[in-house]
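Engineer: got a predicted structure plus its sequence, pasted below:
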Amino acid sequence: MNEKHILIIGTGSAGKRHATNLHNLGCTLSCVDPRADRLEEAEKETGVQLRGRFGSLSDALLASSYDGAVVASPPVYHVNQSIQCLEHKIPVLLEKPVAANMEDAALLEKIVEKADVPLLLGYTWRWWPSLIKMKEMLEQEIIGKLLHVTYVMSANLADWHPWESYQDFFMSDKEQGGGALLDESHWIDQMIWILGGSPVELMGRVEKISSLQINSDDNVDIFAKYSDNIRVSLHLDLFGRPHEKSIKFIGETGTLVWKVNEILTGKTMDDEWEKETFTDDRNAMFVSVAQEFLEVIDGKRNPSCTIQDGMKVMEVIEAVRRSSADGTSVKLGAL
């Protein structure tokens, strides 16, 4: 058991999940949220007796010391809150994305380097067992040389948090850093992680095309080119039903398809697939992230997903934004 005092900043869905997992791993918790009702909900719904409840981060930092902090607030607050923690020499687990824009992300990168305090970035799908296995299979060239990848993330926003109106969810608000491009940048990170780096060129469209009552983007389409002739198509939307998360890898000798808890392998011209099934619960990857964060705090390991990884994702995000605005292809590294 880890008797560490962890500060949870933001007690929405992500914050409550982290609070529950860290409590189950033996930690003592305090929480920050400007809404008193959210703090009460966090304590009631998680069953965790909080050491402290605070309406602001500055009050929390004055009141006690902490072994670590989880920044689980909307993206627009990520950089400022992370910096405050790092300046107090508190290791940070930062929910994705790094920031709402590249300028703020670059500021945080400098602070992390200067502070010499660890920051673990929560692109949690990196800890998902079937994706780890998929990456290994690609490295073993199970389907020969990889040529084309298709990512699809399609899920209606109104279904995400059935306990609240989606119009009140930060995802609906562009000013808070909501929208498909930023929040579902998990899949941009997955592209970079699985393919071993960033594309050299891309085209993208970022749009609001559905009747959802939001002012953030709900549709993103990206076409990316890699230097070794791999092509990637990536689609994100906030209006699809049924929900879908899938990745299709086409190689010279076959195809791999990932669907959350299964991997399909096809190597003939017919619709014949070998299937490997996994039984992992979605919370498993969040528990794995929490376990790694505690090891990082103890100095037993370095973060496996770093601020530099997050900056690569932000570079792609900015390239997609520029391409969408200008209607042209954008070369990475030229931003």
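Structural biologist: That came through fine. Numbers count the residues shown, from 1 in each chain.
Engineer: contacts and neighbour counts: CA atoms only from here.
Structural biologist: Fine.
Engineer: report how many residues lie close to residue 86.
Structural biologist: 23 (other Cα atoms under 10 Å).
Engineer: cool, and residue 133?
Structural biologist: Counted with other Cα under 10 Å, residue 133 comes out at 12.
Engineer: would you mind measuring from the closest residue to residue 166 other than its chain neighbours to residue 171?
Structural biologist: Excluding the flanking residues, the one nearest residue 166 by Cα to Cα, 6 or more residues apart in numbering is residue 158, at 5.3 Å. Distance, residue 158 to residue 171, using Cα to Cα, to the nearest Å: 10 Å.
Engineer: over to residue 94?
Structural biologist: Look at residue 94 and residue 171: by Cα to Cα, they are 17 Å apart.
Engineer: what helices or strands is the worst-scoring helix or strand of the chain on mean pLDDT leaning on?
Structural biologist: Least confident element among the helices and strands of the chain, by mean pLDDT, DSSP states H and E: helix 36-46 (a mean of 89). The elements that helix 36-46 packs onto, with contact taken as 3 or more Cα pairs under 8 Å, 6 or more residues apart in numbering; DSSP states H and E, are helix 13-24.
Engineer: what pairs with the following helix or strand past the helix it packs on, parallel or antiparallel?
Structural biologist: Using DSSP states H and E, the helix or strand that follows helix 13-24 in sequence is strand 28-32. Partners of strand 28-32 in the sheet, by DSSP bridges, are strand 5-9 (parallel), strand 52-54 (parallel).
Engineer: let's have those in a markdown table, adding distance to residue 323.
Structural biologist: What follows is those, written out as a markdown table (distance: least, Cα to Cα, whole Å):
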| stretch | distance to residue 323 |
| --- | --- |
| strand 5-9 | 34 |
| strand 52-54 | 42 |
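Engineer: looking at those, spot the one closest to residue 166.
Structural biologist: strand 5-9 (21.2 Å; Cα to Cα).
Engineer: who's in contact with the closest one?
Structural biologist: Identification of contacts with strand 5-9 by Cα atoms under 8 Å, 6 or more residues apart in numbering yields 15, 18-19, 27-33, 57, 65-73.
Engineer: so how far is stretch 155-171 off the chain centroid?
Structural biologist: 17 Å (Cα atoms, centre = their mean, to the nearest Å).
Engineer: so for it, mean pLDDT?
Structural biologist: For stretch 155-171, mean pLDDT rounds to 92.
Engineer: so which bits of that stretch are buried?
Structural biologist: 155-158, 166, 169-171 (16 or more other Cα atoms under 10 Å).
Engineer: do me a favour and get the end-to-end distance for it?
Structural biologist: For stretch 155-171, the first-to-last residue distance is 13 Å (Cα to Cα).
Engineer: which other residues reach it?
Structural biologist: 74, 172, 176-179, 183, 213-214, 216, 237-244.
Engineer: now the strands: where do they sit in the stretch 51-200 of the chain?
Structural biologist: Applying DSSP state E, counting those that start in this stretch to the stretch 51-200 of the chain gives strands spanning 52-54, 68-71, 92-95, 119-122, 146-154.
Engineer: will you turn those strands into TSV that also has distance to residue 266 and mean neighbour count?
Structural biologist: TSV is the format used below for the strands of the stretch 51-200 of the chain (distance: least, Cα to Cα, whole Å; neighbours: other Cα atoms under 10 Å):
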stretch	distance to residue 266	mean neighbour count
strand 52-54	53	18
strand 68-71	41	27
strand 92-95	35	26
strand 119-122	32	26
strand 146-154	14	20
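Engineer: with distance to residue 192 added, can I get those in a markdown table?
Structural biologist: Shown next, in a markdown table, are the strands of the stretch 51-200 of the chain (distance: least, Cα to Cα, whole Å):
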| stretch | distance to residue 192 |
| --- | --- |
| strand 52-54 | 37 |
| strand 68-71 | 23 |
| strand 92-95 | 18 |
| strand 119-122 | 15 |
| strand 146-154 | 12 |
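Engineer: quick one: closest of these to residue 331.
Structural biologist: Nearest to residue 331, of all these, is strand 146-154, at 19.0 Å by Cα to Cα.
Engineer: helices and strands around the closest one, which ones?
Structural biologist: strand 231-237, strand 244-251.
Engineer: relative to residue 320, which of these is closest?
Structural biologist: Using Cα to Cα, the helices and strands packed on strand 146-154 put strand 231-237 closest to residue 320, at 11.3 Å.
Engineer: relative to strand 244-251, how tilted is that closest one?
Structural biologist: Angle of strand 231-237 versus strand 244-251, following axes from the mean of the first three to the mean of the last three Cα atoms, to 10 degrees, is 170 degrees.
Engineer: cool, thanks, talk later.
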